[in-house]
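Undergrad: give the three-dimensional model of this entry:
(one chain, ligands or ions: 2)
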Amino acid sequence: MRPVRCPVVAADVDIAITVRGLTKSYGKVEALRGVDFEVRRGQVLALLGPNGAGKTTAVEILEGYRKREGGEVSVFGVDPERRLRSLRARVGIVLQECAVDPYLTVAEAVTQRAGLYPEPRPVDEVIDLVGLEAKARARVKLLSGGQQRRPDLGLALVGNPELIFLDEPTTGFDPSARREAWDVVRGLCAEGRTVVLTTHYMDEAQALADAVTVIANGRVVASGSPDTLGGRDHGMTTVRFVLPAGVSVGELPLPEGVEPQRRGEFVEFRIAEPTEVLHALTGWAVRRGEVLSGLAVVRPSLEDVYLALTGGGQP
Ligand SMILES: Nc1ncnc2c1ncn2[C@@H]1O[C@H](COP(=O)(O)OP(=O)(O)OP(=O)(O)O)[C@@H](O)[C@H]1O
Ligand SMILES: [Mg+2]
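TA: Ligands and ions are numbered 1, 2, ... in the order given. Modelled structure (predicted):
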């Protein structure tokens, strides 16, 4: 008998996660209807999408917490459904729901978790990293609402994981705590670790993500970098300024087809390429000795594009 030649498929060592045609239903609810995405090693992927879109379902399948129905899933080349100990040791998880025993102190909780991993980070270092050094001896249940997620992040990091899943990790954080958490995530990436983040904060995705995948209704509706998602880099620019006193909108030197709108004392219009019109407008204002106060030239934000993609607005 002739030997059967197996096709040699070179595993792409740069890819941490591959998801192809992933489906999952809960009874009649089709939570995932054929989802594809990929996460490169050392990158932050932000999964965005409205409530109920299927983000946590997808993440929990990748974590090995839920069983999929269809499709292929690979985490470091392994199917997470097999729940291999060797894979779990390489992965850190912040679940959407707080997962720390509220009756343990912060230090006890982190120490307990550290015991589950072959090469944990020092407990004190982790507690510092998540900004809880002053609360190390406090019971988790006595932390303030916004502090409650920090032990979760500590638990996810103590195993020294190569891949970290963060499901809405900064919900309830005050603005400075959020920035500190962003620095932690940036530090993880600088060390070559891979992060999958779900968030409803578009500024968080903009600040941290190398790649963004938007899920709505169980399907991927867009993927790309935060700066180019959904054609954001080619989107319409809004120009806005305070209409100078005694000037009517009709007097403004605007090209045909541009439709200025009054917004209180402001006037604004949208244009694909603003360079020429800004030149004409500012030249006109300078010649008249006017100031275009409050002048702003605004590209569509990630949030504008996200809302357009998920049915909530125009980019
Ligand atoms: N254990 C479950 N049993 C039944 N239905 C579920 C279960 N978990 C999730 N669902 C449903 O599956 C869909 C996707 O939920 P999922 O939690 O994945 O959404 P999500 O994108 O994470 O939303 P959010 O932004 O609110 O966290 C929703 O319709 C939800 O009600
Ligand atoms: Mg969720």
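
Undergrad: now V212: which helix or strand?
TA: Using DSSP states H and E, V212 sits within strand 211-216.

Undergrad: which parts of stretch 170-178 are buried?
TA: 170-171, 173, 177-178 (16 or more other Cβ atoms under 10 Å). Where C-beta positions appear, they are placed from N, C-alpha and C, glycine not excepted.

Undergrad: tabulate those (CSV), appending distance to V78, pLDDT and secondary structure.
TA: Output for the buried residues of stretch 170-178, formatted as CSV (distance: Cβ to Cβ, whole Å; pLDDT from 0 to 100; DSSP: H, G, I helix; E, B strand; the rest coil):
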residue, distance to V78, pLDDT, secondary structure
T170, 29, 91, coil
T171, 30, 88, coil
F173, 33, 88, coil
A177, 34, 89, helix
R178, 33, 92, helix
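
Undergrad: between those, which is nearest E133?
TA: A177 (13.7 Å; Cβ to Cβ).

Undergrad: pretty sure the closest one contacts D183?
TA: No: using Cβ atoms under 8 Å, A177 is not in contact with D183, being 10.7 Å away.

Undergrad: name the residues of the stretch 201-315 of the chain found near ligand 2, please.
TA: Taking Cβ under 5 Å from the ion, no part of the stretch 201-315 of the chain reaches ligand 2.

Undergrad: where does the stretch 201-315 of the chain dip in pLDDT?
TA: 312-315 (pLDDT under 70).

Undergrad: can you name the residue of it nearest ligand 2?
TA: I215 (10.3 Å; Cβ to the ion).

Undergrad: that residue and Y117, how far apart?
TA: 30 Å (Cβ to Cβ, to the nearest Å).

Undergrad: write out the residues of this protein neighbouring ligand 1.
TA: Within the chain, the positions adjacent to ligand 1 are 26, 29, 31, 49, 51-57, 96 by Cβ under 6 Å from any ligand atom.

Undergrad: do that again at 8 Å, thanks
TA: Proximity of the chain to ligand 1, by Cβ under 8 Å from any ligand atom, involves residues 26-27, 29, 31-32, 47, 49-60, 96, 167-168, 198, 200, 215, 218.

Undergrad: looking at the buried residues of stretch 170-178, spot the one nearest ligand 2.
TA: Using Cβ to the ion, the shortest approach to ligand 2 within those belongs to T171, at 10.2 Å.

Undergrad: isn't that closest one up against R149?
TA: Yes: counting by Cβ under 8 Å, R149 is a contact partner of T171 at 6.7 Å.

Undergrad: which residues of the stretch 51-200 of the chain lie near ligand 2?
TA: Counting by Cβ under 5 Å from the ion, the stretch 51-200 of the chain sits next to ligand 2 at 55-56, 96.

Undergrad: quick one: residues contacting the residue of the stretch 201-315 of the chain closest to ligand 2.
TA: 35, 47-49, 53-55, 58, 221 (Cβ atoms under 8 Å, 6 or more residues apart in numbering).

Undergrad: please name the nearest non-neighbouring residue to it.
TA: Leaving aside its sequence neighbours, I215 sits nearest to G49 (Cβ to Cβ, 6 or more residues apart in numbering; 3.9 Å).
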